[in-house]
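Trainee: Just a sequence and a predicted model for now, questions to come.
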Protein chains: 2
Amino acid sequence: MHFELAFVLLFSIATAVAIVARYFKFPYTVALVVAGLTLGAVHLFDPPHLTKELLFAILLPGLIFEAAFHVEFRKFWKNKMAIHALAIPGLVASGAITALILSPVVGGLHLVEDFGFIHAFVFASVIVSTDPIAVVGLFKALGAPKRLAVLVEGESLLNDGTAVVLFTLILAVANGAQFTVGGATLDFIRVAGMGGLIGCALGFGISQVIQRIDDAMVEITLTMIAAYGSFVVAEHFHYSGVIATVAAGMLCGNGVASTSMSPTTRVAVASFWEYLAFALNSVVFLLIGLEVQLSSLLASWKPVLLAYVAVLIGRAVVVYGVSGLLRFTSEKMPWRWSAVLTWSGLRGAISMVLVLGLPDDFAHRELLVNMTFGVVVLSIIVQGLTMAPLLKRLGITGLKDIYQEKYELARGRVGAIHAALLALEGMRRTRDIPADVLAQLEKDYQQKATAAEQDLSALKQQTNRFHEEEHQEAMRRVLIVEKDSLLKSYQRGVISKEAFEHLITELDERLAHVKDPEGHVPLEESSPALPADAVGT
Amino acid sequence: MHFELAFVLLFSIATAVAIVARYFKFPYTVALVVAGLTLGAVHLFDPPHLTKELLFAILLPGLIFEAAFHVEFRKFWKNKMAIHALAIPGLVASGAITALILSPVVGGLHLVEDFGFIHAFVFASVIVSTDPIAVVGLFKALGAPKRLAVLVEGESLLNDGTAVVLFTLILAVANGAQFTVGGATLDFIRVAGMGGLIGCALGFGISQVIQRIDDAMVEITLTMIAAYGSFVVAEHFHYSGVIATVAAGMLCGNGVASTSMSPTTRVAVASFWEYLAFALNSVVFLLIGLEVQLSSLLASWKPVLLAYVAVLIGRAVVVYGVSGLLRFTSEKMPWRWSAVLTWSGLRGAISMVLVLGLPDDFAHRELLVNMTFGVVVLSIIVQGLTMAPLLKRLGITGLKDIYQEKYELARGRVGAIHAALLALEGMRRTRDIPADVLAQLEKDYQQKATAAEQDLSALKQQTNRFHEEEHQEAMRRVLIVEKDSLLKSYQRGVISKEAFEHLITELDERLAHVKDPEGHVPLEESSPALPADAVGT
């Protein structure tokens, strides 16, 4: 019963924080951490602790699944080099840099006696992975360009696998084991790869079942099974649960989006996960704040601050390095984005849980815990609060001018009305609803459609930049239908392999000349370049 | 982690059961209990136990809140005499009758040595309260008249308070305490009354907050706080948690329904609770099945069967008695309903948890546990499976009159014929089957279609009430399609979050003006008043 009371209290606090934060337009996650810190300092009640069990059994799988569920695989795949470079070698490099800066400064300057390389490395491996929960929460609230969000979220979803392997290795070395690059690589492939495989298998299986039934209750349950099941199975065999859940989430999300799931079901599934993520997020960030003992943190403010700077430097060097290398590939990105990528490296609950897992007799354990908690709290509060201004200053948030907004409203409306007309036509054909009943509705909707389209074309006459965008989008979709039809013909044996390959090559060449829906990206990127006074008029 | 794995397993089993049950049109809750019994018998895995903590901390508050949330206070109040008579004096009387039957039969006939009045009374107090979870689950699935459902649900939501007081008292007497009617009455007023007060206070406060904000995430959280908070606070002070949650649920439900809550929020809150109730129900009924050891139950089949009969007789006497008295009031009901009320007295998890709470050294503990589990399982399976035929036989299910039935038949036929025609058209287009082969089939089907549609329009001329109903249905479906289309546009990045939210709000407002399928409700209420021979002819 105590457990339940604690959660009722947590939710009550979270609700109060949400209402106040919304009123003052303060970022919700940051407000939760601050509330947690304050409540922890006054010792009003005995909160549940952020244990590995709680995080791994309840909080993490749900949150990660929801984040992965909404990642569009196609967009993720288009940024695969950047994401993997940041999440695997980048993570190792940035950990090494942090450790190399920290060890001589803290130990060498005698701030703390006997703080050697190995302690610095343990700290670095604990803190180095960015936390998907914190990062995704932040980016959802801001209107950043989609591709930037995909980069940041993709990296944070993947780098955890690397970090856990790194941490295990360094801890083994601290306990006297031998370190070999080959062994480390093998370990990584095993832990991350098998995790991914488990997640893919479960995610694929479940998305197959989802496609065959239509029952919102059952389908929500199936997504829950995918989320928690993949995590628990992978962790059970000591593979990466996070990677497994990420894989399951992406497969389910893309399966669900592409299939013939009925609209009612899709809406129910989406809104269930929206709330689950909100509730779990509220708990995680409150617990992060509650877990920290402010007095103990303030007592060691010097190493905490040094650690924070070292972590930021490590990340900056890697991000700019990777961005530099990517300039020679198809995934190049504006330099301004590197600043945002660096600054979006929030740390979170995973780091806190990892550091609490250090053996009790581990040298400098308390200091390491303080440094980790300190960096987590600083990153969430400082970076969380300054991200929106940074984006604005770099001219990245303000993706939309007034036309764009009106235009999107109009397009959304036209799309919805036509979907409705199609549905009406479907009802008429299947005689689900008698034709005479439908007549009036159809007439209404046709009138609406005409009105909405007039709005749209009026908007278009004011500026003609939307035309090209839509033309490209239509081309792309038609080409993909052609490709799909070719694939089917080939599979059915209607055309030979040679013919198939010949035609596909032709199609791909045409596709290459069509900008994808990232078609917005150049627009988004260029809009800040508009004279400032052209925006908003 | 073990805990989590067990729940993933439970959910996986529940999903499989749901899919199979739906396919065979078998009641879901009954299927879950049967699946639990089977799995428990083969010892495939070690399931979590149905402990008081699990039931009280997680399962019960959510389920009871959801049930109370949907009780319309107005309808509840119109049946207040019947509900209270059944739930308070009726419960005591039916427990006494059961005990008085059971004690001489089981003990007196020497089926079991030393089975005295006190054991019979302990058993009766454990089993006497109908379980809201089981009953509500059953009634939701059937199309019973709304007022009958309100009666059954209202009684089952309220009688638990009486039962717990009765149980505590009888246990005290069994341990040698004095029994006084005055003391018992006072205890009851304290436990139930204070529980109700706590629930009302919390429910009222929260529904006030809900009316002042408009944020689906926060409002769902607030209803969660109302559900679990009222329960945990009342139980903490040893008052009735069930009554507290019932009160909070009714106040929130009616507050939410009457206020200016935005439609988006209302839809989100309702669909969240719909899923939560589904998930918790799945777990409860599986666990009920898993908790029972079939072999031990079968070994004492005689007392179990006797107990079941005694329980049914106790309930029948009270229900018919109360119905008889109500004939002199404004709440009189058809005699046929008494049979349904008797038969709908399903027992459930609360009885099982109460009996497991008996001290280990209590005389005949094992027998009492077996009798309780046996009656619970029998009531769920036997009454659960026969309720629908009973309602039909009594002419009560038939919320639909003869027109409705004929009309649905005709509509189903028209739908099927047109699906066939569409498929034929598809075959013709893809040339899957040569056109000349199809010609004859198409001709046949077109004739059938014409005939079926003539039937349909003939039916419509007899009564025109279907037209409006269908119009509403078509509207609702079209609006949901529009919503889905918007969701897709948003996910594909075609429209921004702001545009999405703006348009969704518009749609939800329109959806709110469309009657939902409960739109049939007025129809249901009036149909039992039709002359009995008009039904089914």
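Mentor: Nice, I can see it. Since the structure is predicted, the reported quantities are computational estimates derived from the model, not experimental observations.
Trainee: Please make it C-alpha for all contacts and neighbour counts, starting now.
Mentor: OK.
Trainee: excluding its backbone neighbours, what's nearest the residue nearest in space to the middle of chain A?
Mentor: Central residue of chain A (CA atoms, centre = their mean): A:E153, 3.2 Å from the mean position. Spatial nearest neighbour of A:E153, chain neighbours left out: A:V136 (5.9 Å); criterion: CA to CA, 6 or more residues apart in numbering or on different chains.
Trainee: again with A:A163
Mentor: Using CA to CA, 6+ apart, the nearest residue to A:A163 is A:S129, at 5.8 Å.
Trainee: right, and the one you found touches A:E155 too?
Mentor: No - with contacts defined as CA atoms under 8 Å, A:S129 does not count as touching A:E155, sitting 9.2 Å away.
Trainee: can you pull the contacts of the residue nearest to A:A163?
Mentor: By CA atoms under 8 Å, 6 or more residues apart in numbering or on different chains, A:S129 lies in contact with A:91, A:156, A:159-160, A:163, A:347, A:351.
Trainee: Pick the one among the residues you listed closest to B:T38.
Mentor: For the contacts of A:S129, the closest approach to B:T38 (CA to CA) belongs to A:D160, at 41.2 Å.
Trainee: pLDDT score for the closest one?
Mentor: Model confidence at A:D160, expressed as pLDDT, equals 80.
Trainee: Which element, helix or strand, includes it?
Mentor: Using DSSP states H and E, A:D160 falls within helix A:146-174.
Trainee: Counting by contacts, list what that helix packs against.
Mentor: Contact partners of helix A:146-174 among helices and strands, from 3 or more CA pairs under 8 Å, 6 or more residues apart in numbering or on different chains; DSSP states H and E: helix A:73-78, helix A:80-87, helix A:89-102, helix A:117-127, helix A:132-141, helix A:181-188, helix A:241-258.
Trainee: ok so, going back, from what I see, the residue nearest to the centre of chain A and A:P132 are in contact.
Mentor: Yes - using CA under 8 Å, A:E153 is in contact with A:P132, at 6.5 Å.
Trainee: Can you tell me the closest non-neighbouring residue to whichever residue of the stretch 251-400 of chain A sits closest to chain B?
Mentor: Closest residue of the stretch 251-400 of chain A to chain B, CA to the nearest CA: A:P263 (5.3 Å). Spatially, and ignoring its direct neighbours in sequence, A:P263 is nearest to B:D484 (5.3 Å; CA to CA, 6+ apart).
Trainee: Give me the neighbour count for the one you found.
Mentor: Per other CA atoms under 10 Å in any protein chain shown, the neighbour tally for B:D484 reads 22.
Trainee: Check A:K80 too.
Mentor: A:K80: 16 surrounding residues under other CA under 10 Å.
Trainee: what's stretch A:428-447 in contact with?
Mentor: With CA under 8 Å, 6+ apart, stretch A:428-447 has contacts from A:417, A:420-421, A:424, A:427, B:411-412, B:414-416, B:418-419, B:422, B:467, B:470-471, B:474-475.
Trainee: May I see the buried residues of that stretch?
Mentor: By neighbour count with 16 or more other CA atoms under 10 Å in any protein chain shown, stretch A:428-447 contains the buried residues A:428-434, A:437-438, A:441-442, A:445-446.
Trainee: Please apply the same query to stretch A:349-364.
Mentor: Neighbour-count burial for stretch A:349-364, with 16+ other CA under 10 Å as criterion, is recorded at A:349-356, A:358.
Trainee: chain center to it: distance?
Mentor: Taking CA atoms, centre = their mean, to the nearest Å, one finds stretch A:349-364 lying 26 Å from the centre of the chain it belongs to.
Trainee: Those residues of the stretch 51-200 of chain A touching chain B, which are they?
Mentor: Applying CA under 8 Å from any CA of the partner chain, one finds that the stretch 51-200 of chain A approaches chain B through A:53, A:56-58, A:70, A:146.
Trainee: one more time with 7 Å, if that's ok
Mentor: When proximity is defined as CA under 7 Å from any CA of the partner chain, the stretch 51-200 of chain A approaches chain B at A:53, A:57.
Trainee: Let's verify the residue nearest to A:K448 when sequence neighbours are not counted: helix, strand, or coil?
Mentor: Nearest residue to A:K448 in three dimensions, chain neighbours excluded: A:I417, at 7.3 Å (CA to CA, 6+ apart). Recorded secondary structure, A:I417: helix (DSSP: H, G, I helix; E, B strand; the rest coil).
Trainee: likewise A:F362?
Mentor: Secondary structure assignment for A:F362 (three-state DSSP): coil.
Trainee: Check what pLDDT it gets.
Mentor: In the predicted model, A:F362 carries a pLDDT score of 87.
Trainee: Return the backbone torsion pair for it.
Mentor: With angles defined as degrees, to the nearest 10, A:F362 sits at phi -70, psi 130.
Trainee: circling back to that earlier point, which of the helices or strands spans the residue nearest to A:P263?
Mentor: Taking DSSP H and E as the criterion, B:D484 maps to helix B:465-491.
Trainee: any idea which helix or strand comes after that helix?
Mentor: Scanning forward in sequence from helix B:465-491 by DSSP H and E, the next helix or strand is helix B:497-513.
Trainee: Next, the angle helix A:132-141 makes with that next one.
Mentor: Per axes from the mean of the first three to the mean of the last three CA atoms, to 10 degrees, the angle that helix B:497-513 makes with helix A:132-141 is 80 degrees.
Trainee: Would you mind listing the residues in contact with A:E366?
Mentor: If you count contacts by CA atoms under 7 Å, 6 or more residues apart in numbering or on different chains, A:E366 has none.
Trainee: Count the residues that sit near A:A177.
Mentor: A:A177: 11 surrounding residues under other CA under 10 Å.
Trainee: The residue of chain A found nearest chain B: neighbour count?
Mentor: Residue nearest to chain B within chain A (CA to the nearest CA): A:A416, separated by 4.4 Å. Number of residues near A:A416 (other CA under 10 Å) recorded here: 27.
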